[in-house]
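Colleague: Generate coordinates for the sequence data below:
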Amino acid sequence: MSYLSEYTESIEHPETFWAEKADDLPWYRPPQTILSRDENGIDRWFADGEMNTAYMALDYHIEQGRGDQAAVIYDSPVTETRLTLSYSELRDQVARFAGVLRQQGVERGDRVIIYMPMVPEALVAMLAVARLGAVHSVVFGGFSSRELAVRIEDAEPKVVVSASCGVEVKRIVEYKPMLDEALRLSTHKSLRSVVLQRPEAPAQLIDGQDIDWKDAMAAAEPADCVPVKGTDPLYVLYTSGTTGKPKGVQRDNGGHAVALKYSMKAIYDMSPGDVFWAASDVGWVVGHSYIVYAPLLAGCTTVVYEGKPVRTPDAGAFWRVCADYRVKVLFAAPTAFRAIIKEDAQALEFGKYDTSALQTIFMAGERLDPPTYEWTVEKTGKTVVDHWWQTETGWAICGNLMGIEAKPTKPGSSTLPMPGYDIRILDAEGHQLPPGEQGSIAIKLPLPPSCLATLWRDFARFRDGYLSDVPGYYTTGDGGYMDEEGYVFIMGRTDDVINVAGHRLSTGEMEEIVAAHPAVAECVVIGLKDPIKGQAPTGLVILKDGIEVDEKLLEQELIAMVRKQIGPIACFNHALVVQRLPKTRSGKILRKLIRQIADGEEYAVPSTIDDVESLSDIESTMRLHGLQGPAAVGHEEKRP
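Modeller: Numbering: from 1, shown residues only. Below you'll find the predicted structure:
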C-alpha cells in the first residue's frame with residue numbers, strides 16, 4: 001500500500017473507501033447507506049448505522065480481553081499527582097457517572113456542559129454523556145463567566161459538570177464562582193451542577209443547585225450504553241467567529257469514530273497498547289479528538305497532562321513525561337516547542353531522559369515555522385511531522401501517513417492532503433491556481449467523515465460561512481500554496497495576507513525569515529496601516545533566554561534578512577523586541593488583536609487570551625517606537 005493508492009481510492013471511490021474503514025469498528029447495526037444527503041442538501045456519512053461511541057471506546061476493548069490494559073495515565077506536576085486507570089476501571093467510572101447524569105434527567109439528545117480542568121474526571125464526564133447518547137459541550141476550564149453563559153444559553157444543557165478549581169503554575173483558579181455568575185447571567189435556568197471538589201480549593205455548594213461529584217457517584221447505579229444513529233451529534237464544540245458570537249461546531253457520532261480510528265493507524269502509526277500523548281486540553285478540538293476519543297477507539301493508552309511545557313518544573317517537562325510512560329507519539333503545538341527553545345536553546349534537558357520509545361513528534365494548531373521544525377529535528381533526532389487541521393474537521397486535512405507510507409517532510413509544509421480531502425488552491429474568482437502560486441485553500445465536496453455538516457442550530461451561518469464563496473467547495477479560511485509534488489504550504493489565515501503598495505505579501509513567509517535569526521525565540525509579523533503603501537509589515541520578536549543583543553542592530557539584521565530573501569518590495573522596516581505576545585490558551589498568537597492595538601482601533605479582549613498583560617507590553621512598545629495609531633493613545637480605559 002502506498003500514499004498515492006490510498007489517497008486516490010479515497011477521492012475516486014469515497015463510499016467504498018470509507019465503508020471499508022467503518023468495518024473496523026463494532027457497530028450495533030453496521031451502516032448500509034454510506035453517503036447520503038440530508039434535508040439541507042449536505043453530505044452525511046453512515047446515516048443508518050447504529051452505535052455508541054463510548055461502547056466502541058471502552059466496553060468493546062474489555063470484551064476483547066484488554067480490560068486490564070492502561071487506558072488513561074494522569075500526570076499532574078502542578079499537584080504532584082499521578083494515576084493510571086485501566087480500561088475496566090475507566091469504563092466502570094464512566095458507567096456510574098452516566099448513572100449520575102441519568103438521575104438528573106439526562107437522556108439521548110440532551111446537552112451537558114463540561115467546564116473542567118485537565119483531570120481524569122473530565123474524560124469520565126465526556127464519555128458518560130456519550131454513553132447516554134447525549135451531547136456534550138466542553139468549555140475550556142477558566143473561561144470567563146460571560147463566555148460560559150453564552151455557551152449555556154446556546155446549548156441549553158440539562159446539567160453542567162464542573163470542578164471547584166483549576167491548578168496552574170503559580171495560581172489556583174476558582175471555577176465555582178465563575179460558574180455561579182454564568183448561571184446568574186444566563187437566561188437558560190433550572191440547571192443542576194455536578195461539582196468535583198479538589199483539595200486545593202474546595203467550593204461552597206449551593207443547596208438545590210449543586211451536587212457533590214463524590215457523593216453522587218456513591219449513590220448512583222451504572223448506566224448501560226444507549227444506541228444512537230451515525231448522524232446523531234456526539235458533541236458541540238464552540239470556536240471563535242468573526243461576529244463575536246461563538247460558532248457551535250456539531251460533530252456526528254459515526255463519521256467521527258470512523259475517521260479518528262482510521263487516523264490513529266494511518267497517520268500516527270499507533271497500535272493497541274501503544275502510548276499516545278496529545279499535550280493539549282480537553283477544551284480544544286485536539287483534546288476531544290486525540291486525548292479522549294481517538295486513542296481509546298484504537299485501544300491505546302492516552303496521557304492526560306496537567307502542566308506546561310516549561311516551568312512545571314523546567315524545560316524538560318515534555319521529555320520527562322515521554323520517558324516515564326514510554327510515549328510513542330507526542331502531539332503538541334509549535335508554540336510549546338518555541339517555549340522550550342526559549343528556555344533551553346541547547347536542549348540540555350532533552351539529554352537527561354530516555355526517550356528511546358518516542359518515534360514521532362507531531363505538531364498542529366498553528367503554522368510550524370521552519371526554524372522551530374529544524375531545531376526540534378536537530379536536537380531530538382526524532383521524525384517531526386507538521387499537520388494541518390481545524391476545529392471544523394476534527395482531524396488532519398494535511399499530514400503524513402506514517403502508518404502507510406511515510407513521505408519525506410519539507411520545512412514549512414504540512415506535507416500532503418490526507419485521504420478524503422480533495423484540496424484546491426483558488427484565486428479570488430474561484431479558479432484553480434497552478435503549483436507555487438498562493439491563494440485560498442478550499443476542499444472539494446464531499447468532505448470526508450468527521451467534518452462538520454452544520455453549526456449547532458444555525459445552518460444558515462454554516463452555509464454562508466463555509467460553502468457560499470465557491471459553489472461545490474468548503475472554504476477553509478486559510479491561504480497557502482501547493483508545490484509541484486503536491487506538498488501543501490499553509491501561510492496563515494487569508495486575512496494575514498497584507499497588501500503593500502499593491503503587492504500581496506504573506507506575513508507567514510516573513511515570519512519564517514525573522515524566526516531563522518539565532519537570537520529569536522518567537523515572532524509575529526503584522527501589517528500596520530500606512531497612508532502611502534496601504535500596509536507596512538512590522539515584526540515583533542521575543543528573544544531566547546540568556547541572549548543579549550543591541551536591539552537596533554538586531555532590527556537592522558532582520559530587515560536585511562527579509563530584504564535579501566523577499567526583496568525591497570517587502571518594505572519590512574521595523575522589528576521590535578517585546579517580552580511576550582498575546583496568545584490564546586491553545587497557543588495561537590492573536591494577530592488580529594495585535595493589529596488592532598497597533599492601528600489604534602478599539603478592541604475587545606477575547607475570552608481565550610492566556611495573558612492579558614501582554615497587551616500592555618505591545619501597546620507600550622509600539623508607543624515607545626512611535627508606531628501606534630493616534631486613536632489608541634489613552635486607550636486603556638476603553639479596554640475591558
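
Colleague: other SSEs contacting the helix or strand where R563 lies?
Modeller: For R563, the element it lies in under DSSP states H and E is helix 551-565. Helices and strands touching helix 551-565, by 3 or more C-beta pairs under 8 Å, 6 or more residues apart in numbering; DSSP states H and E, are helix 507-515, strand 534-543, strand 574-577. Glycine gets a C-beta too; all of them are placed from N, C-alpha and C.

Colleague: what's the most buried one of the ones you listed?
Modeller: Counting by mean count of other C-beta atoms under 10 Å, helix 507-515 has the highest mean neighbour count of the helices and strands packed on helix 551-565, with a mean of 23.

Colleague: picking up where we left off before, which of the residues in the helix holding R563 are classified as buried?
Modeller: Within helix 551-565, the residues scored as buried using 16 or more other C-beta atoms under 10 Å are 554-555, 557-559, 561-563.

Colleague: Make CSV out of these and add pLDDT.
Modeller: As requested, the buried residues of helix 551-565 are exported to CSV (pLDDT from 0 to 100):
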residue, pLDDT
L554, 97
E555, 96
E557, 96
L558, 96
I559, 95
M561, 93
V562, 90
R563, 87
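
Colleague: R563 reaches I569, doesn't it?
Modeller: No - using C-beta atoms under 8 Å, R563 is not in contact with I569; the gap is 9.0 Å.

Colleague: And T608, how close does it get to V524?
Modeller: As judged by C-beta to C-beta, to the nearest Å, T608 and V524 stand 16 Å apart.

Colleague: So for these two, which sits in the more crowded spot?
Modeller: Each of T608 and V524 has its neighbours counted (other C-beta atoms under 10 Å); V524 has more, 25 against 20.

Colleague: what residues are up against the nearest residue to C571 once chain neighbours are set aside?
Modeller: Counting by C-beta to C-beta, 6 or more residues apart in numbering, the nearest residue to C571 once its immediate chain neighbours are dropped is V500, at 5.2 Å. Counting by C-beta atoms under 8 Å, 6 or more residues apart in numbering, V500 makes contact with 527, 533-537, 569-571.

Colleague: before we move on, what about T301?
Modeller: Applying C-beta under 8 Å, 6+ apart to T301 gives the contacts 69-73, 273-276, 295, 325.

Colleague: same thing but 10 Å
Modeller: Residues near T301 by C-beta atoms under 10 Å, 6 or more residues apart in numbering: 69-73, 84-87, 270, 272-277, 295, 325-328.

Colleague: Which helix runs longest in the chain?
Modeller: In the chain, ranked by residue count with DSSP state H as the criterion, the top helix is helix 87-103.

Colleague: Look up how far C571 lies from the residue of the chain most remote from its centre.
Modeller: Distance to the chain centre peaks in the chain at I532, reaching 38.4 Å (criterion: C-alpha atoms, centre = their mean). Using C-beta to C-beta, we find I532 at a distance of 10 Å from C571.

Colleague: With E405 instead?
Modeller: The gap separating E405 from C571 is 43 Å, by C-beta to C-beta.

Colleague: Give me the more crowded residue out of the two.
Modeller: With neighbours defined as other C-beta under 10 Å, E405 and C571 compare such that C571 has more, 24 against 15.

Colleague: Surely that one and A536 touch.
Modeller: Yes - between C571 and A536 there is a contact at 5.7 Å, judged by C-beta atoms under 10 Å.

Colleague: any common contacting residues for those two?
Modeller: 498, 500-501, 527, 530.

Colleague: And the buried ones among these, selectable in PyMOL?
Modeller: The buried residues among the shared contacts of C571 and A536 can be selected in PyMOL (16+ other C-beta under 10 Å) with this line:
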select buried, resi 498+500+527+530
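
Colleague: closest to A149 among the shared contacts of C571 and A536?
Modeller: Checking these against A149 by C-beta to C-beta gives G527 as the nearest, at 34.8 Å.

Colleague: how about the helix or strand the closest one falls within: buried residues?
Modeller: Applying DSSP H and E as the criterion places G527 in strand 520-530. Residues 520-528, 530 are the ones in strand 520-530 that count as buried (16+ other C-beta under 10 Å).

Colleague: Excluding chain neighbours, give the residue nearest to Y474 in space.
Modeller: Spatial nearest neighbour of Y474, chain neighbours left out: I443 (4.5 Å); criterion: C-beta to C-beta, 6+ apart.

Colleague: What ranges does the stretch 151-300 of the chain have for its helices?
Modeller: With helices called from DSSP state H, counting those that start in this stretch, the stretch 151-300 of the chain shows them at 175-185, 213-219, 253-266, 285-287, 294-297.

Colleague: helices and strands around the fourth one, which ones?
Modeller: Helices and strands touching helix 285-287, as assessed by 3 or more C-beta pairs under 10 Å, 6 or more residues apart in numbering; DSSP states H and E, comprise helix 120-131, strand 233-239.

Colleague: T409 contacts D386, correct?
Modeller: Yes - contact criterion C-beta under 10 Å: T409 and D386 qualify, at 7.3 Å.

Colleague: Now do the shared contacts for the two.
Modeller: By C-beta under 10 Å, 6+ apart, the residues touching both T409 and D386 are 368, 373, 400, 415.

Colleague: and these, which of them are in helices?
Modeller: Counted as lying in helices by DSSP H, out of these, are Y373.
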